[in-house]
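Undergrad: sequence unavailable; structure follows:
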């Protein structure tokens, strides 16, 4: 609080939360009016409803379920996934929305990514018409919360080798499957309604499907399903990830996703979300850059604003340079995605480049803010921490580098 009546005890209030429309190379200057409207609607939600409250949720490690409800009401929860009866959203519009959501908070953006980008997308892409009718609209409204359970305690990057199994079984005269195994780092896996579980089919009578990865919609209240919230996280504190134990969990036959009968189905879902993760990295970088510019203009040292210092201007320029490269990359690749021409390797390059760039920008911004850079009120610390999670999920830096490296050389170096 400002204390002008007590010289030497003044503690200025810094306002570093205002959007700046940073787009130095005009990477997004020509987006369609509907896409811009979608972006600005998300920005208003972030400014009016997320930023005023998110620090408290983040510090307490609580899920903002009230914001989840609002996301559903505003139709921001489906992460661009096509839901019958709802308007289609272009890749560019959803990319801009992901950027704005992450500019507000990484946990809120991840909620959209888990609910819409992963769980809902799995059902819409690979589910039966009956499954889509049952789940899609309630999930878009936020009335049914979903999780996506792929990663296991001993299989992160090596997810193709997952060990969770599904065996055919009959209980009380109902044919179905029994699922056994463990999953880890599953968003909404301990506080949702359903979980899309990826498991290896153990059924010698199933022919080629035996041993393949299949998808199943599992109610979280099913007997044998235990989701334990992972505590002690230093990032994404306003969304709960779970360690899930599946102890002979029975699901009926119609819980299987008919289009998800190999790891290719899983990979198709992940491919569709990888570019969105790059957009999220841009959003985090924008938040850190905005905070740095605004703080530099307000913070006075040695009789001048920091913004008047040569070293500070060089740092701001360095941050803007990196951010502009990220914006141009995601903008161009999103144009390819809207044209149906984006490749998996290009999406991996976007994720690799943008999360690295966001880390660099966050680090410079944190340093530029000095001691004030570790305060939640000044935004950078929260983004600094959340970028570390973003840098890892949806494929680590190393895994995405190997995907691109394989494309460059024609040689696989996966061990």
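TA: Received it, and whenever you're ready, just let me know what you need. Predicted model only: the values in this text are computed from it and were never measured.
Undergrad: need the strands for the stretch 201-350 of the chain, in chain order.
TA: The residue ranges that make up the strands of the stretch 201-350 of the chain, judged by DSSP state E, counting those that start in this stretch, are 213-219, 225-229, 241-252, 300-301, 304-305.
Undergrad: so can I have CSV of those showing distance to residue 18, mean neighbour count and mean pLDDT?
TA: Quick note: C-beta positions are derived from backbone N, CA and C, even for glycine. Compiled in CSV, those are given as follows (distance: least, Cβ to Cβ, whole Å; neighbours: other Cβ atoms under 10 Å; pLDDT from 0 to 100):
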stretch, distance to residue 18, mean neighbour count, mean pLDDT
strand 213-219, 43, 23, 97
strand 225-229, 34, 17, 98
strand 241-252, 31, 20, 98
strand 300-301, 19, 12, 94
strand 304-305, 16, 12, 94
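Undergrad: save those as JSON lines, and put in distance to residue 115 too.
TA: Supplementary listing: the strands of the stretch 201-350 of the chain in JSON lines, determined by distance: least, Cβ to Cβ, whole Å:
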{"stretch": "strand 213-219", "distance to residue 115": "14"}
{"stretch": "strand 225-229", "distance to residue 115": "16"}
{"stretch": "strand 241-252", "distance to residue 115": "14"}
{"stretch": "strand 300-301", "distance to residue 115": "44"}
{"stretch": "strand 304-305", "distance to residue 115": "42"}
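Undergrad: so which of those comes closest to residue 197?
TA: Closest approach to residue 197 among those (Cβ to Cβ): strand 213-219, 4.9 Å.
Undergrad: can you list the domains in the chain?
TA: What automatic domain parsing lists as the domains of the chain is 33-141, 146-261, 264-409.
Undergrad: relative to residue 24, which of these is closest?
TA: domain 264-409 (4.9 Å).
Undergrad: straight-line length of that closest one, end to end?
TA: Across its full length, domain 264-409 reaches 23 Å end to end, with Cα to Cα, to the nearest Å as the criterion.
Undergrad: what about it, distance to the chain center?
TA: For domain 264-409, the gap between its own C-alpha mean and the chain's C-alpha mean amounts to 13 Å (Cα atoms, centre = their mean, to the nearest Å).
Undergrad: about what we covered before: to residue 20, which of the domains of the chain lies closest?
TA: Residue 20 lies closest to domain 264-409 among the domains of the chain, at 5.0 Å (Cβ to Cβ).
Undergrad: and stretch 400-415, average pLDDT?
TA: Mean pLDDT, stretch 400-415: 90.
Undergrad: outside of it, which residues touch it?
TA: Contacts of stretch 400-415 from elsewhere in the structure, counted by Cβ atoms under 8 Å, 6 or more residues apart in numbering, are 343-345, 348-349, 351-352, 395.
Undergrad: can we see that at 10 Å?
TA: 157-158, 160, 274, 277, 343-353, 355-356, 394-396, 399 (Cβ atoms under 10 Å, 6 or more residues apart in numbering).
Undergrad: which of those fall in helices?
TA: Using DSSP state H, the subset of those located in helices is 274, 277, 344-353, 355-356, 399.
Undergrad: ok, of the residues you listed, which come out buried?
TA: Buried members of the ones in helices among the contacts of stretch 400-415, counted by 16 or more other Cβ atoms under 10 Å: 274, 277, 344, 346-353, 355-356, 399.
Undergrad: residues near residue 253, how many?
TA: 12 (other Cβ atoms under 10 Å).
Undergrad: pretty sure it sits against residue 177.
TA: Yes - because the distance of 7.2 Å satisfies Cβ atoms under 10 Å, residue 253 is recorded as touching residue 177.
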